[in-house]
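Trainee: this one's structure only:
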């Protein structure tokens, strides 16, 4: 009887050990799955950040092109016809100012890219700083679009 009691105790101990091992395997599997989810989220964040930055670049390129067309239109209409131009030549300062502003925005964008390249050594303050820079850049880009649109509206009004 003691042998069967010892055997029973030994089997119970083995059962407990197997249950503990199973729990460890389950926990390891859960951690592995959680790590996969975190890695996927990090990749999505990186991809989204790259898309934001490339969107800024594309928007700025389009505003640059539009602004160059506006400078040409202001220059042409400021000198044509020779004796009575359609608009005053000095008004070309508005699209030229916007061109300088756009160059300033591109320099800021380059600095934001340079700052983002050091993300691995960021502190929490740096992360906040990056968010503020992106928000400010968005507002400044919007301002440059408004200035470009204002130049176009002024030109259209002067043509009518």
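Mentor: Perfect, thanks for sending it. If you're wondering where the values come from, they're calculated on a predicted model, not measured in any experiment.

Trainee: on the three-state scheme, the most centrally placed residue in the chain is what?
Mentor: Nearest residue to the geometric centre of the chain (Cα atoms, centre = their mean): residue 52, 3.0 Å. Using DSSP: H, G, I helix; E, B strand; the rest coil, the structure places residue 52 in helix.

Trainee: my guess is it meets residue 131, correct?
Mentor: No - taking contacts as Cβ atoms under 8 Å, residue 52 lies outside contact range of residue 131: 11.4 Å. For the C-beta atoms, the positions are set from N, CA and C on the backbone; glycine is no exception.

Trainee: once you drop chain neighbours, what's closest to residue 53?
Mentor: Excluding the flanking residues, the one nearest residue 53 by Cβ to Cβ, 6 or more residues apart in numbering is residue 113, at 6.4 Å.

Trainee: distance check, that neighbour against residue 78.
Mentor: 37 Å (Cβ to Cβ, to the nearest Å).

Trainee: for this structure, what helix or strand is lowest in average pLDDT?
Mentor: Here the helix or strand of the chain ranked lowest by mean pLDDT, DSSP states H and E is helix 2-79, holding a mean of 88.
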